[in-house]
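**Student:** What would the 3D arrangement of this be:
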Amino acid sequence: MTNTMTDAEKQERQKTVVAFIAGLLIGGLLVWIFSSSSSTSEEAAEQAAVNSAGDDQAMMDDTKEDTMTGHNDTGMTSSDMDTSMDSVISSGDGSISVGSQPAGMEVKLARVTYPTTDGWIVVRDYADGVAGGILGAARYSTTVGLLPESVELLRATEAGSKYQVTFYTENGDLVFDTMTDMPMTGAEVYFFAE
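**Tutor:** Numbering: from 1, shown residues only. Okay, the predicted model is just below:
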């Protein structure tokens, strides 16, 4: 017996091969499309979570500023107003030194010794013996070399107003949150903006 194929059988075989190749191409294209859109969806979800955390923090800061009492500088002594001397705080092995500060959107740190390997340096309003709204926070991490020289603020300091600088803990999520990141007891320094 000879192995001869009829023209109809050859056409059927060619159709089968073409259909198989077309199926592979379409399947590969679908996998590529769905894997691209799922990573884009994951990136969009991550970005939405970051934006939501920022919005939540801004709402917390606004709430704290709304509940803060007004500035009353009538009880200040001349030594309170002397901003040419450094203010220094210590907490365990950590300390912050803050020199004279012009009013503005940034607080420069003169010297810092970090009390923990990871944490935050936070600037807050301060009036009538009460810490008010958080103006800004800078994360530090001695293990990765993140050692801030200043703290950028969300709202500018005002000349003649008193402010607090303090260390806060870092709970491990690398996002500043006043619900989970706590101030370190006894670790605050005060300065007046010029």
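
**Student:** separation between the closest residue to residue 136 other than its chain neighbours and residue 115?
**Tutor:** Spatial nearest neighbour of residue 136, chain neighbours left out: residue 153 (3.9 Å); criterion: Cβ to Cβ, 6 or more residues apart in numbering. For the C-beta atoms, the positions are set from N, CA and C on the backbone; glycine is no exception. Distance of residue 153 to residue 115, computed by Cβ to Cβ, to the nearest Å: 22 Å.

**Student:** repeat for residue 121
**Tutor:** 11 Å.

**Student:** Please apply the same query to residue 22.
**Tutor:** 66 Å.

**Student:** ok, those two, which is more surrounded?
**Tutor:** A direct count of neighbours by other Cβ atoms under 10 Å for residue 22 and residue 115 places residue 115 higher, at 19 against 10.

**Student:** these two touch, right, that one and residue 167?
**Tutor:** Yes: counting by Cβ atoms under 8 Å, residue 167 is a contact partner of residue 115 at 5.9 Å.

**Student:** count of neighbours near residue 25?
**Tutor:** Residues near residue 25, counting by other Cβ under 10 Å: 10.

**Student:** In terms of helix, strand or coil, where does it fall?
**Tutor:** Three-state call for residue 25 (DSSP: H, G, I helix; E, B strand; the rest coil): helix.

**Student:** Name the next helix or strand following the longest strand anywhere in the chain along the chain.
**Tutor:** The longest strand of the chain (DSSP state E) is strand 130-141. Using DSSP states H and E, the helix or strand that follows strand 130-141 in sequence is strand 150-152.
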